[in-house]
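Visitor: Next come a sequence and a model predicted from it.
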Amino acid sequence: MKARTSLQELRKKPHWSYSSINTFLNICSLQWAFRYVYRREAVFTPVALVFGSAFHRTLEYAFRLRMDGQTVPATAANLFSDVLSQLIRTEEREVRYSEGDDIDALHQTGRRMVEAYLGDSADDENVLDVGVPFRVLLGEGEEALEKPLVGEYDCIVQQGQQRLIVDWKTAARRWPKRKERLDLQPTCYLYAHTKNDPHSVGFRFDIVTKTKTPAVDRRLTIRHPDHFDRLIEQVRMMEKMIRAEHFLPNDQSWACKGCPYGMACQAWHKERSRSLYNFALAA
C-alpha cells in the first residue's frame with residue numbers, strides 16, 4: 001500500500017489553506033500580508049495556539065487507538081499536560097499568556113476538556129481515519145487556480161449510514177447559533193473531499209468549551225456546489241488583490257488583541273511602501 005504524502009510535505013510547495021484564506025477574508029488582510037508576503041517575524045506565540053495544538057494531539061492519539069480497536073486508557077487526559085509542557089518548552093518564540101492565564105489552571109482545564117470529550121463519544125460511531133491530509137486544485141481544467149488547496153481532516157468517522165469529517169475545536173464559550181453555517185472551513189474541506197473521494201460525506205464540528213465544566217457541542221453542517229463555486233471565485237479575487245498589494249488593517253477585529261504583528265501594524269501607515277515579491281511563494 002502506497003504511503004500517503006504528509007501534510008508537512010504538501011505544505012512545502014506554494015498552496016492555499018483554509019487558515020490562510022480565512023485570515024485574509026475574515027480576520028485581517030494586513031495580518032495575512034505580514035506573514036505570507038512581507039515575511040515579518042511573529043514576535044510571540046499566543047498560548048491559546050499552543051493549547052489548541054496540545055488538545056488536538058491528545059485527541060489524535062486517543063482516536064488512533066480507537067481506530068485500531070484498542071481501548072483508550074483512563075489516564076489519556078494526562079497526555080494533554082505532557083504535550084502542552086513539551087510544546088511550551090520547545091516553542092521558538094515567547095509564549096504569550098493572556099491576562100489572568102495561569103499555567104496550572106490551563107493544564108487542569110485541558111485535562112477536563114479531554115475527559116469530557118472522550119466520555120461523550122457516541123457508541124455507534126466508528127473511527128475510519130485520523131489526520132488525513134489532502135491536496136486539490138481550486139477549479140477545473142484551464143480555469144483552475146495555480147496554487148492548490150491543502151489541508152488535513154482531523155478525523156473521519158462512520159455513524160450509522162453517514163460518513164462524517166470531524167473537526168475538533170476548543171472555544172472559550174459556546175458558539176453562537178448558526179456559526180457552523182457561515183464558517184469557511186466546511187466549505188474548504190467538503191470541496192476537497194468531493195474532488196478526492198466518491199463517497200458522500202458530511203461535516204461536523206466537535207467543539208469543547210474551556211469553561212470550568214467543559215461542554216461538548218456537536219454541529220453538523222452541509223455545503224452545496226454553489227458554495228464551492230463561491231469559494232473558488234473568492235480565492236480568485238484574493239489573488240488579484242494580493243498582486244496589487246491591497247492589504248488593509250482591520251482595526252476592529254477580535255484578533256487584534258492577540259496579534260503577533262501588532263507593532264508592525266501600528267507602524268504600517270508610516271512605513272508602507274510597495275514591495276516586489278514572488279507571488280507564487282506567498283503560500
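Guide: Yes, it's here.
Visitor: A77: what's it in contact with?
Guide: Contact analysis of A77 by C-beta atoms under 8 Å, 6 or more residues apart in numbering lists T58, G110, R111, R112, V114, E115, L118. Any C-beta I mention is one placed from the backbone N, CA and C, and that applies to glycine too.
Visitor: now swap in W175 and tell me
Guide: Contacts of W175 (C-beta under 8 Å, 6+ apart): F205, I207, D217, R219.
Visitor: Surely the third one and T211 touch.
Guide: In other words, D217. No - with contact defined as C-beta atoms under 8 Å, D217 does not count as touching T211 (11.2 Å).
Visitor: shared neighbours, these two?
Guide: Joint contacts of D217 and T211 (C-beta under 8 Å, 6+ apart) do not exist.
Visitor: Tabulate the CA atom coordinates of the host helix or strand of G151 in CSV.
Guide: Taking DSSP states H and E as the criterion, G151 maps to strand 149-159. Listed next in CSV are the C-alpha coordinates belonging to strand 149-159 (Å, rounded to 0.1, in the frame of the first residue of the first chain):
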residue,chain,number,x,y,z
LEU,A,149,-5.9,23.9,-1.6
VAL,A,150,-4.0,21.9,1.1
GLY,A,151,-5.2,20.8,4.5
GLU,A,152,-5.9,17.9,6.9
TYR,A,153,-9.1,16.3,8.2
ASP,A,154,-8.8,15.8,12.0
CYS,A,155,-10.9,12.6,11.8
ILE,A,156,-13.3,10.7,9.6
VAL,A,157,-16.0,8.6,11.3
GLN,A,158,-18.9,6.4,10.3
GLN,A,159,-22.1,6.9,12.3
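Visitor: F247: what secondary structure?
Guide: Put simply, F247 is coil when judged by DSSP: H, G, I helix; E, B strand; the rest coil.
Visitor: what sits against the residue lying closest to it once chain neighbours are set aside?
Guide: Leaving aside its chain neighbours, F247 sits nearest to A33 (4.1 Å; criterion: C-beta to C-beta, 6 or more residues apart in numbering). A33 is in contact with I242, E245, F247, counting by C-beta under 8 Å, 6+ apart.
Visitor: circling back to that earlier point, packing partners for the strand holding G151?
Guide: Secondary-structure packing of strand 149-159 (3 or more C-beta pairs under 8 Å, 6 or more residues apart in numbering; DSSP states H and E): helix 7-10, helix 47-67, strand 125-136, strand 162-171, helix 184-196.
Visitor: Can you give me the buried ones in the next helix or strand along the chain from the first one?
Guide: Translated: helix 7-10. Proceeding N to C from helix 7-10, the next assigned helix or strand is helix 18-22, under DSSP H and E. By 16 or more other C-beta atoms under 10 Å, the buried positions in helix 18-22 come out as Y18, S20, I21.
Visitor: Pipe the residues you listed into CSV and attach distance to R64 and pLDDT per row.
Guide: Listed next are these as CSV, based on distance: C-beta to C-beta, whole Å; pLDDT from 0 to 100:
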residue, distance to R64, pLDDT
Y18, 23, 98
S20, 27, 98
I21, 28, 98
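Visitor: Output the residues you listed in CSV; the columns should cover distance to V50.
Guide: CSV is the format used below for those (distance: C-beta to C-beta, whole Å):
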residue, distance to V50
Y18, 20
S20, 20
I21, 23
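Visitor: Identify, from these, the entry nearest to Q266.
Guide: S20 (23.3 Å; C-beta to C-beta).
Visitor: Am I right that that closest one is in contact with V37?
Guide: No - S20 is beyond contact range of V37, at 11.3 Å (criterion: C-beta under 8 Å).
Visitor: beta partners of the residue lying closest to F44 once chain neighbours are set aside?
Guide: Leaving aside its sequence neighbours, F44 sits nearest to R96 (C-beta to C-beta, 6+ apart; 4.0 Å). Per DSSP bridges, the residues bridged to R96 are P46.
Visitor: Distance of R96 relative to L118?
Guide: Distance, R96 to L118, using C-beta to C-beta, to the nearest Å: 29 Å.
Visitor: again, but for A48
Guide: Distance, A48 to L118, using C-beta to C-beta: 21 Å.
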